[in-house]
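# Predicted model and sequence below, questions to follow.
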4 protein chains.
Amino acid sequence: MARTSQPGRREAILDAAHAVFARKGYAAAGVADLASELGIGHGTVYRYFENKRDVAVAVLDRALTRIAEVVTAEDPSDTDDLDAYRGQVERIGYRLYDLFAADPALGRLVFVDLAAVDDGLRDRLLRAYQTFAGYTEAYLRNGVSKGFLRADLEVETTALIVNGIIFEGAAQVARAIDPRPLRDRWIRATTRLLFDGIAA
Amino acid sequence: MARTSQPGRREAILDAAHAVFARKGYAAAGVADLASELGIGHGTVYRYFENKRDVAVAVLDRALTRIAEVVTAEDPSDTDDLDAYRGQVERIGYRLYDLFAADPALGRLVFVDLAAVDDGLRDRLLRAYQTFAGYTEAYLRNGVSKGFLRADLEVETTALIVNGIIFEGAAQVARAIDPRPLRDRWIRATTRLLFDGIAA
Amino acid sequence: MARTSQPGRREAILDAAHAVFARKGYAAAGVADLASELGIGHGTVYRYFENKRDVAVAVLDRALTRIAEVVTAEDPSDTDDLDAYRGQVERIGYRLYDLFAADPALGRLVFVDLAAVDDGLRDRLLRAYQTFAGYTEAYLRNGVSKGFLRADLEVETTALIVNGIIFEGAAQVARAIDPRPLRDRWIRATTRLLFDGIAA
Amino acid sequence: MARTSQPGRREAILDAAHAVFARKGYAAAGVADLASELGIGHGTVYRYFENKRDVAVAVLDRALTRIAEVVTAEDPSDTDDLDAYRGQVERIGYRLYDLFAADPALGRLVFVDLAAVDDGLRDRLLRAYQTFAGYTEAYLRNGVSKGFLRADLEVETTALIVNGIIFEGAAQVARAIDPRPLRDRWIRATTRLLFDGIAA
DNA sequence: CATGAATGAGTCTTCATTCAT
DNA sequence: AATGAATGAAGACTCATTCAT
């Protein structure tokens, strides 16, 4: 049966581009590589995307959306005490690390390769960072308003810091040969740090 | 004897390359751009470096050395109580943020653009990360052994986390229009987080 | 299907390369010259050949094949007496000189320009020489075994000498303004020399 | 003692150039290679020669002069019978082969590499060929006029042929691992061919 | 005289993009 | 809609040549 319009084509090209960009980097990957990864003619890529950069934009957006889905899966106002919040942080952490572990090059792809393409892509990434930080901020504000987080917590900056810890951690875990134990150690260390500090 | 080799030439080319790579990114910057930034012929670049990548390696190494100088300026075993350690962290933070603020593109250059060049450069960067983390670990171990940090502190992982916070922060501060107040906020939030946690 | 690959393209590029290499020499001829000789984009050359040297290899191989076709057109065991062999030598000579006269730069191209490219091409040429000499040797051995050539003829070395005479002659004839009379003189002188010697 | 003008310098550069051109070919040899072969600065080459091509011209001329010295060492009118002429041919042959054996790359250098430089060098080489052929012609004419060579010998063309045999032979001998036995075989085969022909 | 640092013209080669089929 | 042959802009790199020292 002749399918006039391949509905999955665009998505399939993005899958292939994701894989190839992750494997070779954006600059080293040619449009022909994306196409041959999929076994299609490289002219076909141009029926679905303006140009190579356009593919990179779509790959980045899709990756950021997936990350956002994890970050926004919980409801910030759902928690009423410290233990519940700790549980929430741990759940998000596990899911995020799973995401990055399932696709070990994801961190490098998003935070290095695609960020290096040009200012436009970098801006997209920074905006996503802000969105994520906004979510984290909502969690923190909820905790402060409900009294189980410090009243004088610098919510805005701390949100950025927490995000940094989480993404940096996810990226590092993804680099590991056997990510599972590292993931557990990382989440434990992070929650201890957040909730208890380092002091004796 | 012929016009004696300018001892500053190599260094000057690295300065120019640092600036141009930071401005346009590694891929978009041509060797001709590096040369014209300095007002020299582009063939001259090849008298001091094997090729364009070799310039990138040298730029990265120099930048990492500068960062290392800040990180390793203090003596890990110098502190005997929590307050002294807090001061040490703050001093390193201030110097690091000053470094990144003096050269706002440094973070992007080192952690994004040059890391995206190829696996070799990325490995160099990761090795530097490990060195930095080793230093941080020494600080933490000192604190644990002297009893002013938690006995059950996961020093290794926490060192990575702390490093992540610091570098992520430095990168973010560097992006700001007016970095000074952001720097102060960031350092305060970081030290509060580290030493007090977020809990009420 | 896309514009189907021109089956003659590769051959046409070799024709153009043959002409341009012969006119300007290998080193002085740019890939752009090959392409513009044919009125195509110079990138197209790289769709059919690895690189410039690869074009030279193909040009040389084709030229050597053409020469081989002339040399191997006759059957070494076909002749039973001196006159028949003399006729055979003359026929090969005529055809060879015609080949070189039809393409006056062929000798220079094959024996000088392409031989100067690098050791690899030179080796190809030397191997072809050996093949040709093997053929000439077969002719001589046939004559010796049938008794119409000297029993003590040094077949191996003489084969090389005869080849040298023939190719050197072809090259010289090709250089002449009006090659026809020179060709006839050369063939006559060669056969006289071979069959009668120079002595009174 | 300070020698203001190095008298041997020019000659030494030609020696170095001869060696380097022979080793790497003209195109692949850089002016810097010539200089470093001699341990001098490459700017110095330009105090003795206009440019790289000028060096090649001088190398070629010197090589051709050396060959000419061998070819012209004997007096064409010296011989009065066939045996004496045969001896003369053998003597020239031995000396020529010695020359090429002492410098195995000489043949390739003169007849291939330098001939491929450009039309000007090729013309120089062709003119030398003619000079050599003129000498051989004088030998042959002497023999004809004294009656020990065929009266109907095509002296002009045969001179070219004989030259071809000799130079081709010298070049082939030079390529051999152990040139001595090949040289002897070649000279024997050549004189037999010249004086007796190949016929039974 | 000698040097070698500097230069930039010249070339090869890659690859994103177009478009005839 | 899909293809892949063709294209040429772009850029890395080499090296002959110059000239200040």
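Received it, and whenever you're ready, just let me know what you need.

# Just give me the neighbour total for the nearest residue to A:Ala116 once chain neighbours are set aside.
Among residues not flanking A:Ala116 along the chain, B:Ala116 sits closest, at 3.5 Å (C-beta to C-beta, 6 or more residues apart in numbering or on different chains). All C-beta spots, glycine's among them, are computed from the backbone N, C-alpha and C. B:Ala116 sits with 24 neighbouring residues when counted by other C-beta atoms under 10 Å in any protein chain shown.

# measure stretch A:105-118 end to end?
Chord length of stretch A:105-118, first to last residue, is 20 Å (C-alpha to C-alpha, to the nearest Å).

# right, I mislabeled it, should have said stretch A:101-115
First-to-last residue span, stretch A:101-115, C-alpha to C-alpha: 20 Å.

# Where does pLDDT dip in chain A?
Counting by pLDDT under 70, chain A contains low-confidence ranges at A:1-7, A:199-200.

# From chain D, how far off is the residue nearest to the spatial centre of it?
Centroid check for chain A by C-alpha atoms, centre = their mean gives A:Ile67 as the closest residue, at 3.8 Å. Distance, A:Ile67 to chain D, using C-beta to the nearest C-beta, to the nearest Å: 54 Å.

# Surely that residue touches A:Asp98?
No. A:Ile67 sits out of contact with A:Asp98 when judged by C-beta atoms under 8 Å, with a separation of 11.8 Å.

# What is the three-state secondary structure of A:Ala28?
coil (DSSP: H, G, I helix; E, B strand; the rest coil).

# and it, what is it in contact with?
Applying C-beta atoms under 8 Å, 6 or more residues apart in numbering or on different chains to A:Ala28 gives the contacts B:Asp118.

# quick one: the closest residue to A:Ala29 other than its chain neighbours from chain B, how far?
Once flanking residues are discounted, A:Ala29 sits nearest to A:Val20: 4.8 Å by C-beta to C-beta, 6+ apart. Separation of A:Val20 from chain B (C-beta to the nearest C-beta): 15 Å.

# Quickly find the element holding A:Val20.
Assigned by DSSP states H and E, A:Val20 falls within helix A:9-24.

# Please determine whether that helix lies in contact with DNA strand F.
Yes. Using C-beta under 7 Å from any atom of the strand, we find that helix A:9-24 touches DNA strand F at A:Arg9.

# in what helix or strand does A:Gly169 lie?
helix A:155-175.

# circling back: list the contacts of the helix holding A:Val20.
In contact with helix A:9-24 (C-beta under 8 Å, 6+ apart) are residues A:29, A:33-35, A:37-38, A:40, A:44-45, A:48-49, A:55-56, A:58-59, A:62-63, A:103, A:105-106, A:108-109, A:113-114.

# Give me the subset of the residues you listed that lies in strands.
Members of these lying in strands (criterion: DSSP state E): none.

# Among those residues, name the buried ones.
A:29, A:33-35, A:37-38, A:40, A:45, A:48-49, A:55-56, A:58-59, A:63, A:103, A:105-106, A:108-109, A:113-114 (16 or more other C-beta atoms under 10 Å in any protein chain shown).

# out of those residues, who's near DNA strand F?
Restricting the buried ones among the contacts of helix A:9-24 to those touching DNA strand F (C-beta under 7 Å from any atom of the strand) yields A:Ile40.

# Residue in chain A with the shortest distance to chain D?
A:Ala28 (30.0 Å; C-beta to the nearest C-beta).

# Going by neighbour count, list what's buried in the helix holding A:Val20.
So helix A:9-24, judged by 16+ other C-beta under 10 Å, has buried residues A:9, A:12-22.

# who does the helix holding A:Gly169 touch, helix- and strand-wise?
On a contact count with 3 or more C-beta pairs under 8 Å, 6 or more residues apart in numbering or on different chains; DSSP states H and E, helix A:155-175 meets helix A:82-102, helix A:106-108, helix A:119-145, helix A:179-196, helix B:155-175, helix B:179-196.

# what is the orientation angle of it with helix A:119-145?
Between helix A:155-175 and helix A:119-145, the angle comes out at 120 degrees (axes from the mean of the first three to the mean of the last three C-alpha atoms, to 10 degrees).

# Tabulate the CA atom coordinates of helix A:155-175 in PDB.
Output of helix A:155-175 as PDB, limited to C-alpha atoms (Å, rounded to 0.1, in the frame of the first residue of the first chain):
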ATOM      1  CA  VAL A 155      14.900  30.600  46.100                       C
ATOM      2  CA  GLU A 156      15.900  32.000  42.700                       C
ATOM      3  CA  THR A 157      19.600  31.400  42.900                       C
ATOM      4  CA  THR A 158      19.200  28.100  44.800                       C
ATOM      5  CA  ALA A 159      16.900  26.900  42.100                       C
ATOM      6  CA  LEU A 160      19.700  27.500  39.600                       C
ATOM      7  CA  ILE A 161      22.200  25.700  41.800                       C
ATOM      8  CA  VAL A 162      19.900  22.700  42.300                       C
ATOM      9  CA  ASN A 163      19.400  22.500  38.600                       C
ATOM     10  CA  GLY A 164      23.100  22.700  38.000                       C
ATOM     11  CA  ILE A 165      23.700  19.900  40.400                       C
ATOM     12  CA  ILE A 166      21.000  17.700  38.800                       C
ATOM     13  CA  PHE A 167      22.100  18.300  35.200                       C
ATOM     14  CA  GLU A 168      25.800  18.100  35.900                       C
ATOM     15  CA  GLY A 169      25.100  14.900  37.800                       C
ATOM     16  CA  ALA A 170      23.000  13.400  35.100                       C
ATOM     17  CA  ALA A 171      25.700  14.200  32.500                       C
ATOM     18  CA  GLN A 172      28.400  12.700  34.700                       C
ATOM     19  CA  VAL A 173      26.400   9.600  35.400                       C
ATOM     20  CA  ALA A 174      25.700   9.100  31.700                       C
ATOM     21  CA  ARG A 175      29.400   9.100  31.100                       C
END
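
# Fine, thanks again, bye for now.
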